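Q: no sequence on this one, just coordinates:
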């Protein structure tokens, strides 16, 4: 049996075996939450890509406060499956997701996805041709997001392909597409 008692930043851990022998120790317990982005790295534990891959259905992905004003430079499209929310509204300086001209920034394949307070830029879907910033096949809601400087053959900012799109208090500017 393991019991944890939270006392601020310190955790006390009491471990007991089947015979009832206990061993108590105090120290720092490091817990990596899948739904907390802690780094601007494009992959690995703490990254947005990792969080979006391993967060369970219906969860929120948020950002550590030290990422306020930061830019995450992506090496390719981040695929969003299922029901999830990515929310940067707690960051006073916001956060920028830079597609690095390597594809759409986001591909929403299914489910209900909510994006809040993100700047999505520099996506280039010239390969697929659709949605430089976002290619949506699901139910997508944008709240207080900015899509700027994205490009594609069709829909530089967003292509809503058989999905549902709701845009609230968001800015789409400087996106380019041959068709839309």
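A: Arrived safely, thanks for sending. Since we're looking at a predicted model, the values are computed, not measured.
Q: From here on, just use CA atoms for contacts and neighbour counts.
A: Noted.
Q: So what's the model's average confidence on stretch 77-96?
A: Mean per-residue pLDDT for stretch 77-96: 96.
Q: Residues in contact with that stretch: which ones?
A: With Cα atoms under 8 Å, 6 or more residues apart in numbering as the test, stretch 77-96 has contacts from 49, 52-53, 57-63, 65, 67-72, 99, 102-121.
Q: what ranges do the helices span in the protein?
A: For the chain, applying DSSP state H gives helices covering 48-54.
Q: Just the ones of the contacts of stretch 77-96 in strands?
A: 59-63, 70-72, 106-108, 112-116, 119-121 (DSSP state E).
Q: Can you flag the buried ones in the contacts of stretch 77-96?
A: Buried by 16 or more other Cα atoms under 10 Å: 49, 52, 60-63, 67-68, 71-72, 99, 102-121, out of the contacts of stretch 77-96.
Q: how about residue 75, what does it touch?
A: Contacts for residue 75 (Cα under 8 Å, 6+ apart) come out as 42, 99, 100, 102.
Q: Ignore what I typed, I meant residue 159.
A: Applying Cα under 8 Å, 6+ apart, the residues contacting residue 159 are 130, 131, 134, 135, 136.
Q: So which of the residues you listed wins on neighbours?
A: Neighbour tally across the contacts of residue 159 (other Cα atoms under 10 Å): the maximum, 33 neighbours, falls on residue 131.
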